[in-house]
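Asks: take a look and give me a structure for this.
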Amino acid sequence: MNIAFGHTNTDLDCLGSLIIVKKLFPGYRLVKSNRLHPAAQTIYDFYAEYFDFLSPKDIAREVIDNVVIVDTSTAGRVSEYFSQIKNPNPGIRVFDHHAAESCDIPGADLQKEAFGATTTLLGKLAMEQGIELSQEEATIALTAIYADTGRFIYENVSRDDYEVSAWLFEMGASLKLVKSFLETIKIDEQVAVLNQLRPTQTVLQGHEILLSYIELDENVAGLAAVVEKIMDVQNPDAYFAIFSIPKDETILIIARSQKVLIDLDSLLSSYGGGGHKLAASAKVQGTEGQKFYDEFVNFLETNLKPAVRVKDIMTKNVFTIHETTSLMDASMFLERVDLTACPVVDKVGNVCGIISLRDIMKGRKVGKMQSPIKAYMSRPVISASGDTTMREIERIFYKHKISHLPVLEDGKLSGIMDRWDYLQFQKQAVLHSAE
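Replies: Okay, the predicted model is just below:
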């Protein structure tokens with residue numbers, strides 16, 4: 001027998017990948033995890049016959065010749081299947097889009113691409129082979145890509161995600177159904193938890209972190225979807241939700257991050273959990289909830305890597321102009337150094353304004369190019385310190401609608417940040433996340 005499966009706690013990307021595997025590898029039987037993510041459960045309930053899953057126990061009586069694994073290259077995430085495979089050394093092929101994961105599955109032939117979804121990787125292969133999907137299969141696959149790319153706004157999005165999605169539209173995928181399947185808050189218990197959660201925002205190592213702690217009478221399906229909903233609304237750098245179930249002495253940690261610097265997989269591995277850099281969870285037994293929460297906050301304070309600050313990326317060699325310089329001379333100076341603006345300093349070297357080409361243009365229009373820039377510069381000066389975080393810089397730019405931000409230490413100019421610096425930082429953060 002030849003089989004295919006995804007990681008335990010199967011998510012939408014697993015299902016999307018497996019529905020295409022059925023076309024790429026005719027005759028392979030799909031095997032269902034004992035645990036499905038709530039969002040995956042919903043789409044599976046509607047399309048169960050398209051998957052025709054076996055259970056892990058069903059394969060215990062079979063000789064397994066070949067295995068296809070999707071959406072993970074980590075042995076620990078597929079142990080529920082391999083514990084049922086009795087014959088040694090089946091052929092193993094792995095398809096995964098998690099570039100950061102290293103493959104520790106013995107004998108596996110790994111195919112990995114840094115796409116937004118593993119469904120994209122397999123969909124691209126199907127496109128190249130001229131394979132056709134039914135409308136239902138295309139809808140399942142498109143839902144998977146939308147889910148794993150955050151509807152194409154996550155930092156892992158690639159051109160191939162768009163191209164495969166366009167192909168799925170051609171196959172008849174329903175965007176209306178995709179939208180419906182992605183509405184993950186569906187059951188009353190989820191809504192009740194959402195209404196109970198009162199996350200607090202704090203700054204740890206320069207990161208804006210949401211933290212919450214509540215006690216539940218019993219485990220509630222779909223807690224991850226509740227966490228993701230709050231993450232979408234409040235937009236922190238990361239959110240750590242602690243759920244305590246006292247009767248079972250169980251702690252559930254569900255975490256989401258928007259920064260690769262906050263590596264959730266690494267952090268929660270300390271508690272026997274894991275997942276990905278930007279999404280992970282852990283289950284802890286035999287500890288009291290509030291005590292654990294306090295210890296966990298201390299753990300984060302110690303183990304979070306410091307956020308990038310202005311001093312790490314600012315321009316340190318700053319051109320300045322004296323306040324008595326004429327508009328004409330300032331215009332020629334800015335042209336010579338290829339700048340659109342720079343700080344203005346007084347006789348003791350303190351920053352007293354910003355002069356820009358736009359300011360100079362105001363003087364040019366009224367024939368005052370010999371006037372000192374002091375009369376036309378922008379003030380008061382909005383500034384930052386070297387320890388200001390990039391989140392704070394973003395707020396300053398948008399709140400004050402400025403494009404150049406002097407960086408001061410002890411009142412003296414030590415650097416400058418402009419919108420271009422900020423955009424380049426964000427661009428590099430996106431590229432690093434996608435690697």
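
Asks: restrict stretch 207-227 to CA atoms and write it as PDB.
Replies: What follows is stretch 207-227 as a C-alpha-only set of coordinates in PDB (Å, rounded to 0.1, in the frame of the first residue of the first chain):
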ATOM      1  CA  HIS A 207       8.500  44.100  21.700                       C
ATOM      2  CA  GLU A 208       4.800  44.900  22.100                       C
ATOM      3  CA  ILE A 209       3.400  41.700  23.700                       C
ATOM      4  CA  LEU A 210      -0.200  40.700  24.400                       C
ATOM      5  CA  LEU A 211      -0.700  38.400  27.400                       C
ATOM      6  CA  SER A 212      -3.800  36.800  28.700                       C
ATOM      7  CA  TYR A 213      -4.800  34.200  31.300                       C
ATOM      8  CA  ILE A 214      -8.100  32.600  31.900                       C
ATOM      9  CA  GLU A 215      -9.400  29.400  33.600                       C
ATOM     10  CA  LEU A 216     -11.700  27.100  31.700                       C
ATOM     11  CA  ASP A 217     -14.000  24.400  33.100                       C
ATOM     12  CA  GLU A 218     -12.900  22.200  30.100                       C
ATOM     13  CA  ASN A 219     -11.000  22.400  26.900                       C
ATOM     14  CA  VAL A 220     -12.700  24.300  24.100                       C
ATOM     15  CA  ALA A 221     -12.300  23.400  20.500                       C
ATOM     16  CA  GLY A 222     -10.900  26.200  18.300                       C
ATOM     17  CA  LEU A 223      -9.000  28.200  20.900                       C
ATOM     18  CA  ALA A 224      -6.300  29.000  18.300                       C
ATOM     19  CA  ALA A 225      -8.900  30.700  16.100                       C
ATOM     20  CA  VAL A 226      -9.900  32.900  19.100                       C
ATOM     21  CA  VAL A 227      -6.300  33.800  19.600                       C
END
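
Asks: pLDDT of that stretch, averaged?
Replies: Mean pLDDT, stretch 207-227: 89.

Asks: helix or strand: which one has the closest residue in space to residue 412 that isn't next to it in sequence?
Replies: The spatially closest residue to residue 412, leaving aside those adjacent along the chain, is residue 349, at 7.0 Å (C-beta to C-beta, 6 or more residues apart in numbering). Just so you know, the C-beta spots here come from the backbone N, C-alpha and C atoms, and that holds for glycine as well. Using DSSP states H and E, residue 349 maps to neither a helix nor a strand.

Asks: what of the one 10 residues further on?
Replies: Using DSSP H and E, the secondary-structure element containing residue 359 is helix 357-365.

Asks: report the rounded mean pLDDT for that helix.
Replies: For helix 357-365, mean pLDDT rounds to 94.

Asks: and what of stretch 37-49?
Replies: Confidence for stretch 37-49, expressed as mean pLDDT, is 87.

Asks: CA atoms only: put it into CSV for me.
Replies: Output of stretch 37-49 as CSV, limited to C-alpha atoms (Å, rounded to 0.1, in the frame of the first residue of the first chain):
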residue,chain,number,x,y,z
HIS,A,37,-7.5,21.9,13.6
PRO,A,38,-11.0,23.3,14.1
ALA,A,39,-10.8,25.2,10.8
ALA,A,40,-9.7,22.1,9.0
GLN,A,41,-12.5,20.1,10.8
THR,A,42,-15.1,22.4,9.3
ILE,A,43,-14.0,21.9,5.7
TYR,A,44,-13.4,18.2,6.2
ASP,A,45,-17.0,17.8,7.5
PHE,A,46,-18.2,19.2,4.2
TYR,A,47,-15.8,17.3,1.9
ALA,A,48,-15.0,14.1,3.7
GLU,A,49,-15.9,11.9,0.7
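
Asks: so what touches it?
Replies: The contact list for stretch 37-49 (C-beta atoms under 8 Å, 6 or more residues apart in numbering) reads 9-12, 14-15, 36, 51, 136, 140, 143, 147, 181-182, 184, 186, 221-222, 224-225.

Asks: buried set for the helix holding residue 359?
Replies: By 16 or more other C-beta atoms under 10 Å, the buried positions in helix 357-365 come out as 359-360, 363.

Asks: strands of the stretch 201-350 of the chain, start to end?
Replies: For the stretch 201-350 of the chain, the strands defined by DSSP state E, counting those that start in this stretch cover 207-215, 238-245, 250-257, 274-275, 279-285, 321-322, 341-345.

Asks: phi, psi for the residue nearest to residue 412 please.
Replies: Phi and psi for residue 349, reported as degrees, to the nearest 10, are phi 90, psi 10.

Asks: same question for the one 4 residues further on.
Replies: Backbone dihedrals for residue 353, given as degrees, to the nearest 10, come out at phi 180, psi 180.

Asks: what's near enough to touch it?
Replies: Counting by C-beta under 8 Å, 6+ apart, residue 353 touches 323, 343-344, 373-374, 377-379, 381.

Asks: with adjacent residues omitted, what lies nearest to it?
Replies: Spatially, and ignoring its direct neighbours in sequence, residue 353 is nearest to residue 377 (3.4 Å; C-beta to C-beta, 6+ apart).

Asks: I'd like the average pLDDT over stretch 369-379.
Replies: On average, stretch 369-379 scores 94.

Asks: for that stretch, which residues meet the burial criterion?
Replies: Under the neighbour-count criterion of 16+ other C-beta under 10 Å, stretch 369-379 has 372-374, 376-378 buried.

Asks: from those residues, which is closest to residue 62?
Replies: Nearest to residue 62 among the buried residues of stretch 369-379: residue 378, at 74.6 Å, using C-beta to C-beta.
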